[in-house]
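Student: the following block contains a protein sequence and its predicted model.
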Amino acid sequence: MFGTLWRHHAPHAHRHPRDVFAANAIEGDPIEEFVIDVHSHPGPDSGHQGFNHHYLGGGVDDLLRVMDRTGVDVSCFSAHTAIGPDFVRGNALVAGAVRAHPARVVGFAVPNPNYPELAKEELIRRVDDQGFRGIKIHSTNHAYPIHGPNYAPVFEFADDHRLPILSHTFDSPARLKELAARYPNARFIWAHAIGAHVRDPDLAMTVRDLPNVFCEMAGSGNRRGQIEAFVRVAGIESAVFGSDYPVLSQTWQLGNVAHADLSEAEKRKIFSQNIRGVLGL
Ligand SMILES: [Zn+2]
């Protein structure tokens, strides 16, 4: 039911010798490597994908405490409020976190395409004035299509400023390919790529040929072996670590990479090396 890519990757209890990262994870120690989480949403939530979630302990300070425990050095923040009901308020919350913790927090600005003028002002204010280094879009929550005209200025802004754009979807591998070619200086990060690939098995093959596309691996439905199978096709250089905190636990998602059947060198690429330069870190 998962397509051919996964079929031969049955669970193996101790298939690989335990490397330093798996040992860190087993011991509950911080990961001994520079780690960047490209995907986190601290702060209060409301109306996320039609539900009213409430995340106990999902605030900025809570995430910083989790980062200390897991050994995540830097997290990219976009506020839940921003991908929900009030993008300006959410971006302001992230601006406060960037000011308070410049070494630990990278701000990702959220534009709501239903308010194109305000969205443009927000991108300028957050990126040019306040040092945000990425953009997060959420076409589902904001109920606006990726290919709609109000997203074009957002992609242009990312292209002009050489910024990464994180999204839970870029519609389809074909649309992603089109966007990556049209905006070659922007970097596209497809979040939850394993789940997306299960739904659309062209994704890994498409990503393989696109140097400005990255795939983030967080997922509640990931099975053992799927990250490995994905990077074998998409290429290890495309893979980046993200957690979607607090929707998913940063500890759990970090463990998925730490325990993957990959070499230490490959895990280092996922933990930070592939994306470090893009974020200017
Ligand atoms: Zn997200």
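Tutor: That came through fine.

Student: and the longest helix seen in the chain, what's buried?
Tutor: Longest helix in the chain by number of residues (criterion: DSSP state H): helix 87-100. Judged by neighbour count (16 or more other Cβ atoms under 10 Å), helix 87-100 contains these buried residues: F87, V88, G90, N91, A92, L93, V94, A95, G96, A97, V98. For the C-beta atoms, the positions are set from N, CA and C on the backbone; glycine is no exception.

Student: before we move on, what about stretch 219-234?
Tutor: The neighbour-count check on stretch 219-234 (16+ other Cβ under 10 Å) flags G219, N222, R224, G225, Q226, I227, E228, A229, F230, V231, V233, A234 as buried.

Student: adding distance to D160, write these out as a markdown table.
Tutor: Shown next, in a markdown table, are the buried residues of stretch 219-234 (distance: Cβ to Cβ, whole Å):
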| residue | distance to D160 |
| --- | --- |
| G219 | 32 |
| N222 | 35 |
| R224 | 41 |
| G225 | 40 |
| Q226 | 36 |
| I227 | 33 |
| E228 | 36 |
| A229 | 36 |
| F230 | 31 |
| V231 | 30 |
| V233 | 32 |
| A234 | 27 |
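
Student: just the ones of these in helices?
Tutor: Short answer: the buried residues of stretch 219-234 in helices (DSSP H) are Q226, I227, E228, A229, F230, V231, V233, A234.

Student: quick one: those residues as CSV, columns for pLDDT and distance to P211 too.
Tutor: As requested, these are exported to CSV (pLDDT from 0 to 100; distance: Cβ to Cβ, whole Å):
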residue, pLDDT, distance to P211
Q226, 94, 23
I227, 95, 21
E228, 96, 22
A229, 94, 21
F230, 95, 17
V231, 96, 15
V233, 96, 16
A234, 96, 12
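
Student: contact partners for the nearest residue to H168 once chain neighbours are set aside?
Tutor: Setting aside the residues directly before and after it, H168 is nearest to A191 in space (Cβ to Cβ, 6 or more residues apart in numbering), at 4.8 Å. The neighbours of A191, taking Cβ atoms under 8 Å, 6 or more residues apart in numbering as the test, are H39, L166, S167, H168, E216, A218, G242, D244.

Student: picking that back up, closest one of the ones in helices among the buried residues of stretch 219-234 to V257?
Tutor: For those, the residue nearest V257 by Cβ to Cβ is I227; the value is 6.8 Å.

Student: quick check, that closest one in contact with I194.
Tutor: Yes - using Cβ atoms under 8 Å, I227 is in contact with I194, at 6.5 Å.

Student: what do these two both touch?
Tutor: By Cβ under 8 Å, 6+ apart, the residues touching both I227 and I194 are M217.

Student: can you tell me the average pLDDT over stretch 118-134?
Tutor: Averaging pLDDT along stretch 118-134 gives 98.

Student: assign A204 to helix, strand or coil.
Tutor: With DSSP: H, G, I helix; E, B strand; the rest coil as the basis, A204 sits in helix.

Student: one step back: from the contacts of A191, which land in strands?
Tutor: H39, L166, S167, E216 (DSSP state E).

Student: what's the distance between the residue nearest to H168 and G131?
Tutor: 23 Å (Cβ to Cβ, to the nearest Å).

Student: quick one: contacts for R276?
Tutor: Taking Cβ under 8 Å, 6+ apart, one finds F34, I36 in contact with R276.

Student: ok, it to E266 distance?
Tutor: 15 Å.

Student: since that was my last question, I'll sign off now.
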